[in-house]
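Peer 1: Quick one: sequence plus predicted model below, questions after.
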Amino acid sequence: MKYDNLARSLAVMEDELKRADERVKNAESRVAVIEDELHAIGENQKQLEISEEKARRREEKYQDQIKQINIRLKQAEARSEYAEMNISKLHLRIDELEDEIIREKLKINAVSGQLDDTFNEMLNKY
């Protein structure tokens, strides 16, 4: 009877050992899967950090380009303003020259009229 109890206890313990071994194997396989996933996550994180660094460099490059374009825009606006001012001055000068041409034409017409009168007088006298 004692032997039967010990044999049963031994059988129960062996069954528990088998179940414990299977739980250990399952746990070890889950640990291996989790370690693989953790390694993959680590690799993904490295790739994301590299991508982030590249994106940061591109952003800095674009910001520099924007600054350069803004500088060129301000320079172009200044040149445009200067050109508009020169155009205004040229228009004023053109207006002055046109007025002067009209005055000179009037003088020429007056002198021409006087010459005509003088020639007519000369022709009438001789």
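Peer 2: Done, it's in. Numbers count the residues shown, from 1 in each chain.
Peer 1: show me the contacts for residue 47.
Peer 2: Counting by CB atoms under 8 Å, 6 or more residues apart in numbering, residue 47 makes contact with nothing. C-betas here are computed from N, CA, C, even on glycine.
Peer 1: Quickly find the element holding it.
Peer 2: helix 2-125 (DSSP states H and E).
Peer 1: mind checking pLDDT for the residue nearest the centre of the chain?
Peer 2: The residue lying closest to the centre of the chain (CA atoms, centre = their mean) is residue 62, at 4.9 Å. For residue 62, the pLDDT comes out at 98.
Peer 1: Relative to residue 44, how far out is it?
Peer 2: 26 Å (CB to CB, to the nearest Å).
Peer 1: about what we covered before: where's the residue nearest to the centre of the chain relative to residue 75, distance?
Peer 2: 20 Å.
Peer 1: so where's the chain uncertain?
Peer 2: Across the chain, nothing is flagged by pLDDT under 70.
Peer 1: burial count for residue 125?
Peer 2: 6 (other CB atoms under 10 Å).
Peer 1: Next, the contact list for it, please.
Peer 2: No contacts exist for residue 125 under CB under 8 Å, 6+ apart.
Peer 1: gap between it and residue 119?
Peer 2: Counting by CB to CB - residue 125 and residue 119 are separated by 11 Å.
Peer 1: With residue 40 instead?
Peer 2: 112 Å.
Peer 1: gap between the helix holding residue 47 and the chain center?
Peer 2: Remark: helix 2-125 is offset 0 Å from the chain centroid, using CA atoms, centre = their mean, to the nearest Å.
Peer 1: likewise stretch 118-126?
Peer 2: Here the centre of stretch 118-126 is set off from its chain's centre by 84 Å, with CA atoms, centre = their mean.
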